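**Q** take this sequence and fold it.
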Amino acid sequence: MPKQEIKLLVFDWDGTLADSEQYIVNAMQSAIVQLNLDMRSRDEIRNIIGLGLMEAAGVLFPDLKQAEHEILADSYRKHYSSSAKGKTTLFPDVVETLYILQKQGFKMAIATGKSRKGLDNSLRETGIEDFFHMTRCADETFSKPHPGMLLDIMDQMFVEPENTLMVGDSEYDLLMAKNANVAPVAVSYGTQTRERLLEHNPLACLDSLNELPDWLTSNID
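**A** Okay, the predicted model is just below:
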């Protein structure tokens with residue numbers, strides 16, 4: 001795959017660009033307590049990070065009805081907003097890496113399980129919105145691993161799957177890429193283990209985002 005053919009890099013948000021795991025876990029556990037549901041462990045909640053909120057509620061509580069999933073999702077949103085507002089933290093070197101990639105001429109986008117409101121708030125807090133040509137959220141289309149978000153981004157940016165890479169920390173990102181015929185690159189520092197990610201055969205599994213520019217230069221040839 002020649003380097004010059006890679007035009008678009010699509011990033012996941014939670015666990016890839018933003019170090020938000022603790023806020024997601026704490027907010028979900030607070031919502032569970034509020035609704036007097038059976039508690040779910042930190043690992044169980046980490047496992048659903050990357051999914052849309054309704055899909056995540058369905059995985060955590062498959063025996064509940066859709067209306068109950070909606071109540072849980074609404075409670076989660078309120079707890080997350082109150083606890084995480086103004087505290088969005090990027091992983092180390094994210095800003096510097098995005099700047100390098102921008103200088104290298106790549107277009108960049110975000111495909112995330114967050115809501116539109118949640119992502120917009122996080123982008124404003126971190127000040128990195130201008131790096132991205134487009135963003136797509138789970139409440140605007142289908143949740144990962146459905147390819148909808150990626151397909152929307154590529155369609156609106158007039159970029160073909162063979163000219164796109166998906167960068168994410170979860171199997172949901174890698175499966176979404178596969179379903180959209182897009183090559184995936186995994187990062188190992190997020191919510192899911194390297195071993196789990198490697199089961200999905202990404203082109204690479206990077207230990208830090210700042211490895212991405214050199215990896216692209218060396219391997220996309």
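**Q** any stretches of this protein with poor pLDDT?
**A** 1-4, 221 (pLDDT under 70).
**Q** again, only this time at 80
**A** Across the chain, the ranges flagged by pLDDT under 80 are 1-4, 220-221.
**Q** contact partners of the lengthiest helix in the chain?
**A** Scanning the chain for the longest helix, with DSSP state H as the assignment, gives helix 66-84. For helix 66-84, the surrounding residues in contact (C-beta atoms under 8 Å, 6 or more residues apart in numbering) are 20, 23-24, 26-28, 30-32, 34-35, 37, 53-54, 57-58, 60-61, 64, 115, 118. C-beta coordinates here come from the backbone N, C-alpha and C atoms, glycine included.
**Q** how does it look with 7 Å?
**A** With C-beta atoms under 7 Å, 6 or more residues apart in numbering as the test, helix 66-84 has contacts from 20, 23-24, 26-28, 30-31, 34-35, 53-54, 57-58, 61.
**Q** what's the ChimeraX line that selects buried ones from those?
**A** Entered in ChimeraX, the line below selects the buried ones among these, by 16 or more other C-beta atoms under 10 Å:
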select :20,23,24,26,27,28,30,31,53,57,58,61
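**Q** between the contacts of helix 66-84, which is nearest residue 183?
**A** Here the nearest of the contacts of helix 66-84 to residue 183, counting by C-beta to C-beta, is residue 20; it sits at 25.6 Å.
**Q** show me what contacts the closest one?
**A** 14, 84, 88.
**Q** can you lay out those as JSON lines showing distance to residue 160 and neighbour count?
**A** JSON lines is the format used below for the contacts of residue 20 (distance: C-beta to C-beta, whole Å; neighbours: other C-beta atoms under 10 Å):
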{"residue": "14", "distance to residue 160": "27", "neighbour count": "24"}
{"residue": "84", "distance to residue 160": "36", "neighbour count": "21"}
{"residue": "88", "distance to residue 160": "32", "neighbour count": "20"}
